[in-house]
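1. Sequence first, then the predicted structure:
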2 protein chains.
Amino acid sequence: MDGEKLTDIAQLGEFGLIDHLTKDIQLTQKSTVKGVGDDAAVLKTGGKKYTLVSTDLLIEGVHFDMTYTPLKHLGYKSAVVNFSDMAAMNGVPLQMVVALGISSKYSLEALEEFYGGIKKACDFYHVDFVGGDTSSSVHGLFISVTVIGEVEKDKITYRSGAKPGDILCVTGDLGGAYMGLLLLEREKKVFQANPDMQPDMAGKEYILERQLKPEARTDMVKKFREKGIVPTSMMDISDGLASEALHIAKSSGTGVVIYEDRIPIDPVTFDMAQTFSIVPTIAALNGGEDYELLFTVAQKDYDKIKDVPGVGVIGYITDASEGNRLVTPDNQIIELTAQGWDALKKR
Amino acid sequence: MDGEKLTDIAQLGEFGLIDHLTKDIQLTQKSTVKGVGDDAAVLKTGGKKYTLVSTDLLIEGVHFDMTYTPLKHLGYKSAVVNFSDMAAMNGVPLQMVVALGISSKYSLEALEEFYGGIKKACDFYHVDFVGGDTSSSVHGLFISVTVIGEVEKDKITYRSGAKPGDILCVTGDLGGAYMGLLLLEREKKVFQANPDMQPDMAGKEYILERQLKPEARTDMVKKFREKGIVPTSMMDISDGLASEALHIAKSSGTGVVIYEDRIPIDPVTFDMAQTFSIVPTIAALNGGEDYELLFTVAQKDYDKIKDVPGVGVIGYITDASEGNRLVTPDNQIIELTAQGWDALKKR
């Protein structure tokens, strides 16, 4: 492995890396419906529903900073980000397993806090904690969560089902989690420079909660059932709106148009972005970890979706030949690109 | 979290820690058949079979040493140790997901090697790689593998089903993986002291392979079907024979007797143990990572199991009041205790 021309993995980015490493993998089990490439793997286990499986890794110093992350929140978030993957398939989470690597700096009481957060998430989302593996680590805390869920076979929603003419929708508001992160990072620096300074978080609770204690939109999956809607494509927004919209377009073989002035942004997010001299829509387009749902519906479902509380229509799907476009408030059309939220670029 | 009486997690050990942290967890999903406490969680997904889920974490510097672990072998082993958990439930692995944390010292080519090993294991065991998560880590390589499998409902085998009078059996031979590890550690020290020395591994290939490239005994699961046997209890041997036998006895509410001279040991393991001045059966009782199956069968199945190639009868199950006993070759009876192979004690 000490040859001359070794390739730095950061060059490929997370998605490129997974694509590259898994390109030769062939599926042979007839129970495998969908492997790598969506928010969850899809399995046919013999019942009326599909079984969903998703895994996520959270690493200290990369995905979270113990300076300002309460362990209970971290446990909650570790669970929720995986529940969100189930929602992204139009399904619900049912069970989870957790593998933890723990360095010696963590006490039993610290782990109890962490598991308290996991338990709270399990209670709230009606998910069973069914197993795990716990081991020491040399440095820091490593959390790997795998969630099992289910979805009715005729309701499953992939990234790849969008068709030209479909309407692009998003739940909730965007950019808040990223602004919460920037705020926490700023206050950390202030504290490091002067430990007597008290952090200035007043009025910013919303974006702090978006960062530290996100929720999965399984409520929206229920809402789709109530309204008789099956989205044509869906993802959860973990890497930023732009990145996810491009994923849907690429997977579906289409183009996408987003109207910048339709992107939903909370006033606290807006103010904080201005404080940091960031265009608020840029925070929404490129900031990650909001865990809202980005989805498309057929035009025939427009009347059903337009009045659902917490759903915003932000654009539409086009033919691939039209490319991926952002329409600015003054009607300029620019190419939609993603800086994304690539954990591999962070080091 | 900076109180005065924080508890060091090493005090509890891995099993104590998981028991402690998960003791309050309640199961609410009717699809959950069995949660924490066996080799895999058991789910009822609507089909004729149960779905099995198991997760394992492998951490650089704790579970493997990159000095002497080829990445391809590491990929293979990461997969196989989880396939072994499926065999331990009398089931078969079908799908796997892998979460990887990678420090910047790993090149793309190194990861290709690792995935090559995963792929080889998937091909050999007919398992589909269906998803993953890849991220950077600050230090070292973290591998979390989750495997999904299945088992016929009337064939599932828990740790807890042993009854007094049942016969205790083991597949293959034991202690080899541990002797392989000691050999690799010795040669590492020799190399560190004098980098010009060539490692002395001749004739030791068997124990090296036991350590670096173990196999899961899914073949034995097939054999049970052929012979019409359903074990009354089963585990895979990852922490050493003594530890696993005590797990079965505790879970089943029984006692256990093991005849020391019936413990199967390969000649290479035997010789290497003597070289290291270790009693060979002690290596088998307390050395981990053999990934053989330890199981019990009812007495009525004795005739069916006794002539199965690669299965050894090593003892029997008793009433709990008789305790857990090891019978030495000179017919002394001593209490069976486990040093185990506790990853949490290693730091």
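-> Received, thanks. Numbers count the residues shown, from 1 in each chain, chains lettered A, B, ... in the order given.
2. For residue A:294, which three-state class applies?
-> Put simply, residue A:294 is strand when judged by DSSP: H, G, I helix; E, B strand; the rest coil.
3. all helices for the stretch 1-150 of chain A, in order.
-> Assigned by DSSP state H, counting those that start in this stretch, the helices in the stretch 1-150 of chain A fall at A:13-22, A:71-88, A:108-125.
4. Quick one: closest of those helices to residue A:202.
-> Within the helices of the stretch 1-150 of chain A, the stretch nearest residue A:202 is helix A:71-88; the backing value is 19.0 Å (CB to CB). All C-beta spots, glycine's among them, are computed from the backbone N, C-alpha and C.
5. helices or strands next to that closest one in the packing?
-> Under the contact definition 3 or more CB pairs under 8 Å, 6 or more residues apart in numbering or on different chains; DSSP states H and E, helix A:71-88 sits against strand A:49-59, strand A:92-102, helix A:108-125, strand A:142-152, helix A:218-227, strand A:233-236.
6. can you list these in JSON lines and add mean pLDDT and mean neighbour count?
-> Output for the helices and strands packed on helix A:71-88, formatted as JSON lines (pLDDT from 0 to 100; neighbours: other CB atoms under 10 Å in any protein chain shown):
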{"stretch": "strand A:49-59", "mean pLDDT": "93", "mean neighbour count": "25"}
{"stretch": "strand A:92-102", "mean pLDDT": "93", "mean neighbour count": "26"}
{"stretch": "helix A:108-125", "mean pLDDT": "93", "mean neighbour count": "20"}
{"stretch": "strand A:142-152", "mean pLDDT": "95", "mean neighbour count": "26"}
{"stretch": "helix A:218-227", "mean pLDDT": "97", "mean neighbour count": "17"}
{"stretch": "strand A:233-236", "mean pLDDT": "97", "mean neighbour count": "26"}
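7. related to what we said a few turns ago, with distance to residue B:55 as extra columns, can I get the helices of the stretch 1-150 of chain A in CSV?
-> Formatted as CSV, those follow (distance: least, CB to CB, whole Å):
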stretch, distance to residue B:55
helix A:13-22, 19
helix A:71-88, 12
helix A:108-125, 14
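8. of all those, which lies closest to residue A:316?
-> Nearest of those to residue A:316, taken as CB to CB: helix A:71-88 at 20.0 Å.
9. now the closest one against helix A:218-227, angle please.
-> For helix A:71-88 against helix A:218-227, the angle by axes from the mean of the first three to the mean of the last three CA atoms, to 10 degrees is 30 degrees.
10. can you state the direction angle for helix A:71-88 and helix A:108-125?
-> Using the same axes, to 10 degrees: helix A:71-88 against helix A:108-125 is 30 degrees.
11. mind checking how far helix A:71-88 is from the chain centre?
-> 10 Å (CA atoms, centre = their mean, to the nearest Å).
12. And for stretch A:103-116?
-> For stretch A:103-116, the distance to the chain centre is 26 Å (CA atoms, centre = their mean).
13. try stretch A:285-294
-> Average the C-alpha atoms of stretch A:285-294, do the same for its chain, and the two points are 6 Å apart (CA atoms, centre = their mean).
14. end to end, how far does it reach?
-> Stretch A:285-294 stretches 12 Å from its first residue to its last (CA to CA, to the nearest Å).
15. Next: stretch A:122-139.
-> End-to-end distance of stretch A:122-139 (CA to CA): 28 Å.
16. Which parts of it count as buried, going by neighbours?
-> Counting neighbours by 16 or more other CB atoms under 10 Å in any protein chain shown, one finds that the buried residues in stretch A:122-139 are A:122, A:125, A:127-137, A:139.
17. Restrict those residues to those that also contact chain B, please.
-> Contacts with chain B within these, counted by CB under 8 Å from any CB of the partner chain: A:122, A:127-137, A:139.
18. all strands for the stretch 151-300 of chain A, in order.
-> Applying DSSP state E, counting those that start in this stretch to the stretch 151-300 of chain A gives strands spanning A:167-171, A:233-236, A:254-259, A:293-297.
19. Check which element follows the last one along the chain.
-> When you say that, I think you mean strand A:293-297. Next along the chain after strand A:293-297, taking DSSP states H and E as the criterion, comes helix A:302-305.
20. next helix or strand past that following helix?
-> Downstream of helix A:302-305, the first helix or strand assigned by DSSP H and E is strand A:311-319.
21. Need the residues that contact that following strand.
-> Applying CB atoms under 8 Å, 6 or more residues apart in numbering or on different chains, the contact partners of strand A:311-319 are A:162-171, A:220, A:245, A:248-249, A:252, A:254-259, A:262-264, A:296, A:302, A:305-306, A:325, A:327.
22. Give the buried subset of the residues you listed as a ChimeraX selection command.
-> A single ChimeraX command suffices to select whichever of those are buried according to 16+ other CB under 10 Å:
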select /A:162,164,166,167,168,169,170,171,220,245,248,249,252,254,255,256,257,258,259,262,263,264,296,305,325,327
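23. With respect to residue A:70, which of the ones next to chain B among the buried residues of stretch A:122-139 is nearest?
-> Closest to residue A:70, out of all of these and judged by CB to CB, is residue A:122, at 17.8 Å.
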